[in-house]
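>>> Sequence and predicted structure are below.
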Protein chains: 2
Amino acid sequence: MEFSIQKAEAFLRLCAILLLVLTACLVGFDSQTKVIFYVEKKASFKDLRALIGLVYITSLAAAYNLVQLSCYSFSTRCKGSSLQSYKYLAWLRYVLDQAAVYVVFAGNFAAFEHSLLVVTGEENFQWMKWCNKYTRFCFQIGGSLLCGFVASLIMVFIASISAFNLFRLFSPKKFLLLKAT
Amino acid sequence: MEFSIQKAEAFLRLCAILLLVLTACLVGFDSQTKVIFYVEKKASFKDLRALIGLVYITSLAAAYNLVQLSCYSFSTRCKGSSLQSYKYLAWLRYVLDQAAVYVVFAGNFAAFEHSLLVVTGEENFQWMKWCNKYTRFCFQIGGSLLCGFVASLIMVFIASISAFNLFRLFSPKKFLLLKAT
């Protein structure tokens, strides 16, 4: 049973990597050119800061999960050696996983809000809506945001697993005291 | 020492409530009227969807933390009674705390990105920048976003504490098996 949670974590990380890469590609290769009032205009992800941010964030998060996945065999060996050194590794993984999931989640949500603004516009600020003009562009962004949200949900599970792996090492009675093995 | 982590949690929750209420008030009471091209225009938080969302999110999060704080005495009594029922309570608190921190974090980040758009504008979409006109309005939003970010950092710590309280109940050897007390 112990082995199976590690397997599940590895599987989740693999799914997260695939989805994150898909998100980055969908956003990164999204551009549409259209003639508006006799002027050729191009919409690409570079027009919205939040989308540029999303590409960077998802790429970095995919790379991070890949590193974690390749450290996986090392981590199991380390657990065999001593509980103390395993504890430090578990702390490191916990903090990094938490940071990663917050960054990915926030990046996705910001891109979503930004994209909603492109769909609806903002009258009082005289910001036009653009999605009735760049329809295909907008649908592709929508799809990538969906992928991104699924990826961040998976990363929430991964973060929970690493929290579980860390905190179950501690005593339920005394504060921050390692259990006797 | 056991008592002190509960005290620390209560203190953190109190800080989070104050900061969240402060954020909601700063955003909610922020409006500025200016004469632009002989027309009187008013900027308020209602112009940006992300800011309306932020007001709702921070108010709800403050209310949630207040409820948790008032359940605090109940929770300690429950721990005294049996480990099994305490486990369910700990799971509930863990899930709710996690959800709350993600929502607050994402809401803050979205509002931040949105506000940045008001500061810089977006040339390709012909979206004007407005902060050179509504300066006081923008500074107040900036201050409230800062409060919101500090509040979400505090809530990250609270979520870590509730994860710690839950997962240390489990055995470090077997998966999802409660430790013997």
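Perfect, thanks for sending it. Given the structure is predicted, the values throughout are model-derived calculations rather than measurements.
>>> what element comes up after the helix or strand of chain A with the lowest mean pLDDT heading to the C-terminus?
Comparing helices and strands within chain A by mean pLDDT, DSSP states H and E singles out helix A:72-81 as the least confident, with a mean of 60. Counting by DSSP states H and E, the next helix or strand C-terminal to helix A:72-81 is helix A:83-120.
>>> Could you give the number of residues near A:Ser70?
Look at A:Ser70: counted by other CB atoms under 10 Å in any protein chain shown, it has 9 neighbours. (Each C-beta comes from the backbone N, C-alpha and C, glycine too.)
>>> separation between it and A:Ser44?
Look at A:Ser70 and A:Ser44: by CB to CB, to the nearest Å, they are 33 Å apart.
>>> quick one, what contacts the nearest residue to A:Leu48 once chain neighbours are set aside?
Nearest residue to A:Leu48, sequence neighbours excluded (CB to CB, 6 or more residues apart in numbering or on different chains): A:His114, at 5.2 Å. Contacts for A:His114 (CB atoms under 8 Å, 6 or more residues apart in numbering or on different chains) come out as A:Leu48, A:Arg49, A:Ala50, A:Leu51, B:Glu113, B:His114, B:Leu117.
>>> show me where chain A has helices.
With helices called from DSSP state H, chain A shows them at A:2-28, A:49-70, A:72-81, A:83-120, A:135-167.
>>> for the closest residue in space to A:Phe149 that isn't next to it in sequence, what are its contacts?
Excluding the flanking residues, the one nearest A:Phe149 by CB to CB, 6+ apart is A:Asn108, at 5.8 Å. If a contact means CB under 8 Å, 6+ apart, then A:Asn108 has A:Leu54, A:Leu145, A:Gly148, A:Phe149, A:Ser152, B:Ala106 as its contacts.
>>> let's go with 6 Å and repeat that
Contacts for A:Asn108 were tallied using CB atoms under 6 Å, 6 or more residues apart in numbering or on different chains; they are A:Gly148, A:Phe149, A:Ser152.
>>> Report how many residues lie close to the second one.
A total of 17 residues lie near A:Phe149 under the criterion other CB under 10 Å.
>>> One more: the first one?
If you count neighbours by other CB under 10 Å, A:Gly148 ends up with 28.
>>> From what I see, it and A:Thr23 are in contact.
Yes: the criterion here is CB atoms under 6 Å, and A:Gly148 meets it with A:Thr23 at 4.4 Å.
>>> What pLDDT is listed against the most centrally placed residue in chain A?
Centrality entry for chain A: nearest residue to the mean C-alpha point is A:Val104, 3.6 Å, by CA atoms, centre = their mean. The pLDDT attached to A:Val104 in the predicted structure is 89.
>>> I figured it was touching A:Ala61, is that so?
Yes: between A:Val104 and A:Ala61 a contact is recorded at 4.9 Å, counting by CB under 6 Å.
>>> which residues sit in contact with A:Leu26?
A:Leu26 neighbours (CB under 6 Å, 6+ apart): A:Gln140, A:Ser144.
>>> whoops, A:Val118 was the one
A:Val118 neighbours (CB under 6 Å, 6+ apart): A:Trp130, A:Cys131.
>>> cutoff 7 Å now
A:Val118 is in contact with A:Lys129, A:Trp130, A:Cys131, A:Cys138, counting by CB atoms under 7 Å, 6 or more residues apart in numbering or on different chains.
>>> next one: A:Ala50
Neighbour list for A:Ala50: A:Ala110, A:Ala111, A:His114, B:Glu113 [criterion: CB under 7 Å, 6+ apart].
>>> Point out where chain A drops to low pLDDT.
By pLDDT under 70, the low-scoring segments of chain A are A:1-3, A:36, A:72-84, A:122-128, A:172-181.
>>> what residue of it is the furthest out?
A:Tyr38 (40.2 Å).
>>> Ramachandran coordinates for that one?
Backbone torsions of A:Tyr38, given as degrees, to the nearest 10, read phi 70, psi 10.
>>> gap between A:Asp30 and chain B?
According to CB to the nearest CB, to the nearest Å, A:Asp30 stands 14 Å off from chain B.
>>> Confirm for me that that residue is in contact with A:Ile141.
Yes: counting by CB atoms under 7 Å, A:Asp30 does reach A:Ile141; the two are 6.1 Å apart.
>>> Neighbour count for those two, which is higher?
Using other CB under 10 Å, the more surrounded residue of A:Asp30 and A:Ile141 is A:Ile141, with 26 against 21.
>>> picking up where we left off before, any chance of the contacts of A:Asn108 in a markdown table, plus distance to B:Leu96?
Conversion of the contacts of A:Asn108 to a markdown table gives the following (distance: CB to CB, whole Å):
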| residue | distance to B:Leu96 |
| --- | --- |
| A:Gly148 | 24 |
| A:Phe149 | 20 |
| A:Ser152 | 19 |
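>>> Out of those residues, which comes closest to chain B?
A:Ser152 (8.7 Å; CB to the nearest CB).
>>> so that closest one sits right up against A:Ala106, yeah?
No: using CB under 7 Å, A:Ser152 is not in contact with A:Ala106; the gap is 9.1 Å.
>>> Neighbour count for these two, which is higher?
A:Ser152 (27 against 23).
>>> re the thing from before, next, show the common contact partners of A:Gly148 and A:Thr23.
Listed as contacting both A:Gly148 and A:Thr23 by CB under 7 Å, 6+ apart are A:Thr58.
>>> got a list of what A:Ala159 touches?
The contact partners of A:Ala159, taken as CB under 7 Å, 6+ apart, are A:Asp97, A:Gln98, A:Val101.
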